[in-house]
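Engineer: just the structure for this:
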Amino acid sequence: MFSVRIKKDLQDSRLKDIKDATDQDPDLQELLDTIQSGWPGHKSLVRDSCTPYFDFRETLSVHEGIVIKGEAIVIPKNERQIVKPQ
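Structural biologist: Predicted structure coming up:
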């Protein structure tokens, strides 16, 4: 998982880029669906793409189509080269 802390000065255009990339990322779409529909009771019932997130599922949420972990944005794979970890 790759995430960055949410900053108040994060540009709306950058958030739109992240949302658009999330829309195009099949793994994050499955994760988004799982977060919104509810997690299965056991890790073995989770889709393979969502398994890495199971242990901290309580910290995940969705805001305007972007997956959030605590106070960090989960960055789609194709955006990770653009964003530097903080």
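
Engineer: ok but Val67 is inside a strand, no?
Structural biologist: Yes: under DSSP: H, G, I helix; E, B strand; the rest coil, Val67 falls within a strand.

Engineer: hmm, Cys50 and Lys43 touching each other?
Structural biologist: No: between Lys43 and Cys50 there is no contact under C-beta atoms under 8 Å: 9.5 Å. Where you see a C-beta, it was placed from the backbone N, CA and C, and this is true even at glycine.

Engineer: if you count what's nearby, which of these two comes out ahead?
Structural biologist: Per other C-beta atoms under 10 Å, whichever of Lys43 and Cys50 has more neighbours is Cys50, with 21 against 12.

Engineer: just confirm Pro52 is within a helix.
Structural biologist: Yes: Pro52 forms part of a helix when assessed by three-state DSSP.

Engineer: now do it against Asp20, distance only.
Structural biologist: Per C-beta to C-beta, to the nearest Å, Pro52 is found 23 Å from Asp20.

Engineer: what residues does whichever strand or helix holds Leu32 touch?
Structural biologist: Assigned by DSSP states H and E, Leu32 belongs to helix 26-37. Outside helix 26-37, the residues that touch it by C-beta atoms under 8 Å, 6 or more residues apart in numbering are 22-23, 46-47, 49-50, 53, 57, 60-62, 65, 67, 74, 76-77.

Engineer: in terms of contact, does Ala21 touch Pro76 like I think?
Structural biologist: Yes: the pair Ala21 / Pro76 is scored as a contact, 3.8 Å apart, by C-beta under 8 Å.

Engineer: show me which of those two is the more surrounded one.
Structural biologist: Pro76 (23 against 18).

Engineer: list the contacts for that one?
Structural biologist: Residues near Pro76 by C-beta under 8 Å, 6+ apart: 18, 21-22, 24-25, 28.

Engineer: ranges for the strands of the protein?
Structural biologist: Using DSSP state E, the strands found in the chain span residues 3-5, 60-63, 66-69, 72-74.

Engineer: report all helices and strands that the second one contacts.
Structural biologist: Yep, that's strand 60-63 we're talking about. Where contact means 3 or more C-beta pairs under 8 Å, 6 or more residues apart in numbering; DSSP states H and E, strand 60-63 is packed against helix 26-37, strand 66-69.
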